[in-house]
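A.B. asks: Provide a 3D model corresponding to the input given below.
(2 chains)
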Amino acid sequence: MSAEPIVRVSNLHKWFGMLHVLSDVSLVVQPREVVCLIGRSGSGKSTLLRCINFLEEPSHGIIEVDGLKVEGGAKGKDHRQQIHDLRLKTGMVFQEFNLFPHMSVLENVIEGPVTVKGMDRDQAIALAEENLDSVGMLFKRDEYPLRLSGGQKQRVAIARALTMQPRVMLFDEPTSALDPELIGEVLNVMKKVAKDGMTMLVVTHEMGFARDVADRVLVMSDGEIIEDDKPNELFTNPKDQRTKALIERYRSGEG
Amino acid sequence: MDAPPFSLQAAMNTNLSLTKNDPHHEMGTALVALQKRQKTLQGIKIGAVWAALIALLITGLLLLNIEPAYIFGHFYVILQGAWVTIYVSLASIAIASLLALIGSIARLSANPIAQGVSGFYVSVIRGTPLLIQIFIIYQGLPQIGQQISKLGFPALGKLFILEAIPAGILALSLNYGAYMTEIFRAGLQSIGHGQREAAIALGMTPWQVLRRVILPQAIRIIIPDVGNQFIAMQKDSALVYVMGVWEITYLANKYARRDSKFMEMFLIAAAAYWVLTIVSTYFQNKLEKRMAKAYER
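C.D. replies: From the prediction side, this is the model:
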């Protein structure tokens, strides 16, 4: 395990006004690793994820992805360029899918490569079709998002992020807005993405997914990472009292 | 082997119940046909009410002390003015939309100069009457032009001396641009934050986010309001008659004075505006339907 980490978060702080939502968070992710972030709502897990691609500007600290170091709270043109480059290295999947409703499925997926990367349209379409096929959505290629189910939308959103060919995929509660019967199809696609060797950071409440797919599970509470362990160890033998309580809550919710 | 109970709602909402495999296919088609008939009947009834009201309106007008023959003899006069009204309104709504687009983007930008200029523009224009703005542009701009010429810049000064029609278009554009800035701003802001975030996460620049994601969606929300503004503007364009633009109201006024037929001429003018509104409404509806394409289930 001497590989260079692909994501390194160092001494990250985030303030919303007087609210200190992330307090001195550090974290390292190895290539091809799948890391799940769990914790109660308000624990800061989504904010941590959103700081990694600067959807939230960190108040302090350094984000490093694939060798690109970006300092939180910096200003100026170079900083903006760095953030742009950082976003090209990260793909993001949102809780609410956020597909572009005025574009067809295919147009949604090629939008990034064509507009942002300046990729040739035909080449982008070929890549998009490949990714739509891998999430099982090629048959809805020319449909508009409004006519898709939540699960289908999220699968398209995953294909959209993958088509940008990122080094790391960030998932922000990807199944929380879905009807229960649609969660499985999205989790299966995510498993497939993980199996294909993608580095993934997943904020989730799906304990089953964390247990089966994650290489590591991080538990967050009050803006800090309170536990960081292999899922087996963490779920059977939690060290922190708050982790125990959290797992209990999920158990009773699931059972 | 009971088939599920037939639901009208379900039949109307999905095409599934209308497949040949459905044992109740005929019941579904019959109900759909019934709904169609009811819709047609409703249309006929509303049409009849319109016809009755128009008859009532005409009866009322005939009670006025007017000469119907004069009206029929002078329709063509107003038709000449209608082209000017259409031309002035179309040019003004186009320029006003451009101003509104720039104004709203400026208003929402982080740049203090852009925000200040846009806010000042909207405040001054919305805070003063259109008629006074028209006077200032028509009477005041040439005076400024003369002063500038005196200072030794005749070429620049000349730009301030406008013909009646360009001056009218300028006044209407500036005025409607301010109101429409607020419409555009609301339209841009109505697009959910998630859309912006998704675009940003893909690596788009602020300009790309606006052009590729926010504007195309906002336009659909803005279009009905712009149509409404256009319809209002057709009537407000009557005010530029004070500049001597030969549009509907100017011509109506001219003939009314010459022949002392005020009621007759203004009735023709009113009818002309009404017809313009009906035509505009028709095109507006067509445009809205076209833009709804992606949003039909």
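A.B. asks: least confident secondary structure element in chain A?
C.D. replies: helix A:241-254 (a mean of 85; mean pLDDT, DSSP states H and E).
A.B. asks: how about that helix: buried residues?
C.D. replies: Across helix A:241-254, burial judged by 16 or more other CB atoms under 10 Å in any protein chain shown covers A:242-243, A:246-247, A:250. C-betas here are computed from N, CA, C, even on glycine.
A.B. asks: using TSV, lay out those together with distance to chain B.
C.D. replies: Output for these, formatted as TSV (distance: CB to the nearest CB, whole Å):
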residue	distance to chain B
A:242	30
A:243	30
A:246	27
A:247	31
A:250	27
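A.B. asks: just to revisit the earlier point, and the least confident helix or strand of chain A, how far out from the chain middle?
C.D. replies: 23 Å (CA atoms, centre = their mean, to the nearest Å).
A.B. asks: other SSEs contacting that helix?
C.D. replies: Here helix A:241-254 touches helix A:207-213, strand A:216-221, strand A:224-229, going by 3 or more CB pairs under 8 Å, 6 or more residues apart in numbering or on different chains; DSSP states H and E.
A.B. asks: pick the most deeply packed of those.
C.D. replies: Of all the helices and strands packed on helix A:241-254, strand A:216-221 has the most neighbours on average by mean count of other CB atoms under 10 Å in any protein chain shown, namely a mean of 24.
A.B. asks: got the angle for it vs helix A:241-254?
C.D. replies: 100 degrees (axes from the mean of the first three to the mean of the last three CA atoms, to 10 degrees).
A.B. asks: so where's the chain uncertain?
C.D. replies: Let's take chain A. Low-confidence segments of chain A (pLDDT under 70): A:1-2, A:254-255.
A.B. asks: chain B is the one I meant
C.D. replies: Scanning chain B with the threshold set as pLDDT under 70 gives B:1-20, B:294, B:297.
A.B. asks: residues of it that sit close to chain A?
C.D. replies: B:192, B:194-195, B:197-205, B:208, B:212-213, B:216-217, B:220, B:294-297 (CB under 8 Å from any CB of the partner chain).
A.B. asks: so residue B:220 is in contact with residue B:291, correct?
C.D. replies: Yes: Residue B:220 lies in contact with residue B:291 (CB atoms under 8 Å); the separation is 4.7 Å.
A.B. asks: okay, the two: which has more neighbours?
C.D. replies: More crowded of residue B:220 and residue B:291, by other CB atoms under 10 Å in any protein chain shown: residue B:220, with 20 against 16.
A.B. asks: mind jotting down where the helices sit in chain A?
C.D. replies: A:45-52, A:77-89, A:105-111, A:121-134, A:150-163, A:180-195, A:207-213, A:231-236, A:241-254 (DSSP state H).
A.B. asks: which stretch among those comes nearest residue A:8?
C.D. replies: helix A:45-52 (10.3 Å; CB to CB).
A.B. asks: quick check: angle from that closest one to helix A:77-89?
C.D. replies: For helix A:45-52 against helix A:77-89, the angle by the same axes, to 10 degrees is 120 degrees.
A.B. asks: output the helices of chain A in TSV; the columns should cover distance to residue B:93.
C.D. replies: Below are those laid out as TSV (distance: least, CB to CB, whole Å):
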stretch	distance to residue B:93
helix A:45-52	41
helix A:77-89	37
helix A:105-111	30
helix A:121-134	34
helix A:150-163	37
helix A:180-195	45
helix A:207-213	54
helix A:231-236	62
helix A:241-254	57
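A.B. asks: so which of the ones you listed is nearest residue B:119?
C.D. replies: Across those, residue B:119 has its closest neighbour in helix A:77-89 (26.1 Å, CB to CB).
A.B. asks: can you tell me what sits against that closest one?
C.D. replies: Helix A:77-89 has contacts (CB atoms under 8 Å, 6 or more residues apart in numbering or on different chains) with A:53-54, A:63, A:65-66, A:68, A:70-71, A:116-117, A:164, A:166-168, B:200-203, B:205.
A.B. asks: which among those residues end up buried?
C.D. replies: In the contacts of helix A:77-89, burial by neighbour count holds for A:53-54, A:63, A:65-66, A:70, A:116, A:164, A:166-168, B:200-203, counting by 16+ other CB under 10 Å.
A.B. asks: which members of those occur in strands, if any?
C.D. replies: Among those, DSSP state E puts A:63, A:65, A:70, A:168 in strands.
A.B. asks: and those residues, which is closest to residue B:99?
C.D. replies: residue A:70 (38.6 Å).
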